[in-house]
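Student: kindly return the folded structure for what I paste below:
(2 chains)
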Amino acid sequence: MILEVREMRMQFGGLLAVDRLNLALKQGELVGLIGPNGAGKTTVFNVITGVYAPTRGTITLEGKDITGMRPDLITRMGIARTFQNIRLFSRMSVIENVLVSLHWRLRSGVFDAILQTRKYRDEEAEMRAKAMDLLARVNLDSVADLPAGSLPYGSQRRLEICRALATEPKVLLLDEPAAGMNPAESIELMKFIQKIRDEFGLTILLIEHQMRVVMGISERIVVLDHGVVIAEGTPREVSRNPRVIEAYLGVEQHA
Amino acid sequence: MQLSRYWKRDIVILLVAAFVVAWANGDLEGLLGIPGWQSYTVRIINMCAINTVLALSLNLVNGFTGQFSLGHAGFMALGAYTTALLTMSAAAKDRVFFMTPLVEPLRKLTLPFLPSLILAGLVAGVFSLVVGVPALRLRGDYLGIATLGFAEIIRLVIQNARSVTNGALGLKGIPPVVNLWWTLGAAVLCYLMLKNLISSSYGRAFKSIRENEIAAQAMGIDLFKHKLLAFFISSFWAGVGGGLLASLLTTIDPVQFKFPLTFQVLLMVVLGGMGSLSGSVISATIVTYLMEFLRVVEETHYLGSITIPGVPGLRMVIFSLTLVLVVVWYPKGLMGDRELSAEGLKQLLARFRKAIRLKGESSS
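Tutor: From the prediction side, this is the model:
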């Protein structure tokens, strides 16, 4: 198990957002986390990435306890994420967005940067080459110097994923990457996600609101409703599960 | 090849600065034939350079890192007092400290100007860490209020620690070491240092914090460390600026370092553009120059039999109005977050020519 969430509970005052969540991701797996609005999907992401410390339970990455660690340290341990509402550094250029993710590996100190020493310049050149390579792999190398905010929506989504990849994660958490896309675009994006999973040897946890989108690519789906897991299994199993259908469509009222 | 292009602009800046120094130090009086102009011009250029240092350094925190700090005056005060106490001779100190004697090691200690100035920066920098560790955990307006409070605390401590600072009486007879070489040198050094920093990976980390803190942290950026770093460098230069100011004015007292001083620097940063180094240089120069030029409006004028009384403080009214107008028409300041470059100037000229051509065509 590369990522394991055990008996996690997240409570905000009187609101129980997530309760008794158990989640285990195997190396190389692509798991979908689905559920209706307000089911607690993004809260799960925020707890795993350290934005919130869970009220109870533990999160381990490759056996190491990362519960309640600071988000930047968790990223350095190997968990990267994207955001549901795109959070690019919109006034910075596309390549700069990717370079920010490489900053934590920088060995040169501030004085090297200020004095533009040989050591720093070599590292900077190395970082730029790496960023360009990553951008080329997501087909964004031709717009590297444009402001990130000026990109079309679909490209911004791809850039967010590219930026997360630049931190060299083992586990990638994608929060509704297909939000706001039409079905054709969604399918294209899902193929892209599968491709990067294979190319970078990633383990992916994918939040999606629409069930249809993740059905095609996930090996396993976890369904969350009102903060608890109501079903888990292959896409086929999950889509036939009456509790899932009930959560999504509501229960029929008998007179 | 890339390096030479990188340094080309810097060399131009150095040449311009050296030219200004040579020009101002030269026989301006004879050149223009106006007695008394030389020292006045030199003084204005000195103030322009010092204000450039202050505006650039405040821009690092407020414009590039996006942390709304209002503590600049406090750090300037620390730098000014450090420089003053370290450069004044023992005799001068004895003359000033006639109410409460100065504490012992400081009384006899006199250092040359350069180490005093560097120490002034370091003292301000160290204090910025003391202030920053608690304050930088706050965000937005709260950080502004906290830093404003800390600056005022620094000032009040200076006002009351009479055996070190001479309290409200202030310090007089600070050696007037500062000349154009010092002030413009500091301005150029500060500009180059910040330019290199901003264009480096550290600068990108600062900007990412400004753009989106949550995303920056999710990309592995240690928010606290980088905010503190920006704050330290900013305060270091505020201290140096304060030290230069002390030596230029030769007399300082705690009242000078009240919060309007911070706002004056903030005005320059906002006018020039939050996140533009060249914007800060341009607006610091313009604002300083206008401050002097607008003295005219505060004087009494006689037009034949009509007497227009001068209104003290009218300059500030004009400045407030300017700020309002700039915010209305140029909400991002003169430069926004762009930098002045040869390429940009060319484009501007091209656009200008095109506009003239179009106008010519439409009228014919």
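
Student: when you work out contacts or count neighbours from here on, use the C-alpha atoms and nothing else.
Tutor: OK.

Student: which ones are touching residue A:225?
Tutor: A:35, A:36, A:38, A:39, A:40, A:247 (CA atoms under 8 Å, 6 or more residues apart in numbering or on different chains).

Student: which among those residues end up buried?
Tutor: With burial judged by 16 or more other CA atoms under 10 Å in any protein chain shown, the buried subset of these is A:35, A:36, A:39, A:40, A:247.

Student: just the ones in strands from those, please.
Tutor: Taking DSSP state E, every one of the buried ones among the contacts of residue A:225 sits outside strands.

Student: what stretches of chain B score poorly on pLDDT?
Tutor: The model of chain B has pLDDT under 70 over residues B:1-15, B:17-38, B:362-364.

Student: repeat for chain A
Tutor: A:249-255.

Student: find the closest residue to chain B in it.
Tutor: residue A:72 (4.0 Å; CA to the nearest CA).

Student: and that residue, which helix or strand is it part of?
Tutor: helix A:71-77 (DSSP states H and E).

Student: for that helix, name the packing helices and strands.
Tutor: In terms of contacts (3 or more CA pairs under 8 Å, 6 or more residues apart in numbering or on different chains; DSSP states H and E), helix A:71-77 is packed against helix B:213-218.

Student: my read: the residue of chain A closest to chain B touches residue B:221, true?
Tutor: Yes. Applying CA atoms under 8 Å as the test, residue A:72 and residue B:221 come out as touching, 5.7 Å apart.

Student: chain B contacts on the stretch 51-200 of chain A?
Tutor: A:71-76, A:80-81, A:87-92, A:96-97, A:99-101, A:103-104, A:110, A:113-116, A:124, A:163-164, A:167 (CA under 8 Å from any CA of the partner chain).

Student: buried subset of those residues?
Tutor: A:71-76, A:80-81, A:87-92, A:96-97, A:99-101, A:103-104, A:110, A:113-114, A:116, A:124, A:163-164, A:167.

Student: look through the stretch 251-364 of chain B and state the residue closest to chain A.
Tutor: Closest point on the stretch 251-364 of chain B to chain A, by CA to the nearest CA, is residue B:337, at 8.9 Å.

Student: give me the number of residues near the nearest residue to residue A:210 once chain neighbours are set aside?
Tutor: Nearest non-adjacent residue to residue A:210, counting by CA to CA, 6 or more residues apart in numbering or on different chains: residue A:34, 7.5 Å away. A total of 25 residues lie near residue A:34 under the criterion other CA atoms under 10 Å in any protein chain shown.

Student: give me the neighbour count for residue A:202.
Tutor: Neighbours around residue A:202, by other CA under 10 Å: 20.

Student: check contacts around the residue nearest to the spatial centre of chain A.
Tutor: Central residue of chain A (CA atoms, centre = their mean): residue A:173, 2.1 Å from the mean position. Applying CA under 8 Å, 6+ apart, we find residue A:173 in contact with A:45, A:79, A:80, A:81, A:82, A:204, A:205, A:206, A:207.

Student: I'd say the residue nearest to residue A:210 and residue A:226 touch.
Tutor: No. Counting by CA under 8 Å, residue A:34 does not reach residue A:226; the two are 11.7 Å apart.

Student: got the residues of the stretch 201-350 of chain B near chain A?
Tutor: Near chain A, when you scan the stretch 201-350 of chain B using CA under 8 Å from any CA, you find B:201-202, B:204-205, B:207-208, B:211-212, B:215-222.

Student: just among these, which is most surrounded?
Tutor: Neighbour counts for those peak at residue B:219, which has 34 neighbours (criterion: other CA under 10 Å).

Student: do I have it right that that one meets residue A:101?
Tutor: Yes. Using CA under 8 Å, residue B:219 is in contact with residue A:101, at 5.0 Å.

Student: between these two, which contacts overlap?
Tutor: Joint contacts of residue B:219 and residue A:101 (CA under 8 Å, 6+ apart) are A:163, A:164, A:167.

Student: which of those fall in helices?
Tutor: A:163, A:164 (DSSP state H).

Student: in JSON lines, list the shared contacts of residue B:219 and residue A:101 along with distance to residue B:106.
Tutor: Shown next, in JSON lines, are the shared contacts of residue B:219 and residue A:101 (distance: CA to CA, whole Å):
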{"residue": "A:163", "distance to residue B:106": "54"}
{"residue": "A:164", "distance to residue B:106": "54"}
{"residue": "A:167", "distance to residue B:106": "51"}
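
Student: from the shared contacts of residue B:219 and residue A:101, which is closest to residue B:47?
Tutor: The shortest approach to residue B:47 among those belongs to residue A:163, at 44.1 Å (CA to CA).

Student: the nearest residue to the closest one once chain neighbours are set aside: helix or strand, and which one exactly?
Tutor: In space, not counting the residues next to it along the chain, residue A:163 is nearest to residue A:98; the distance is 4.7 Å by CA to CA, 6+ apart. Assigned by DSSP H and E, residue A:98 belongs to helix A:94-102.

Student: what element comes up after that helix heading to the C-terminus?
Tutor: helix A:110-115.

Student: what sits against the residue nearest to residue A:18 when sequence neighbours are not counted?
Tutor: The shortest distance from residue A:18 to any non-neighbouring residue, by CA to CA, 6+ apart, is to residue A:227 (3.9 Å). With contact taken as CA under 8 Å, 6+ apart, residue A:227 is in contact with A:16, A:17, A:18, A:19, A:39, A:40, A:41.

Student: dihedrals phi and psi, residue A:227?
Tutor: phi 80, psi 0 (degrees, to the nearest 10).

Student: my guess is residue A:54 meets residue A:10, correct?
Tutor: Yes. The criterion here is CA under 8 Å, and residue A:54 meets it with residue A:10 at 5.0 Å.
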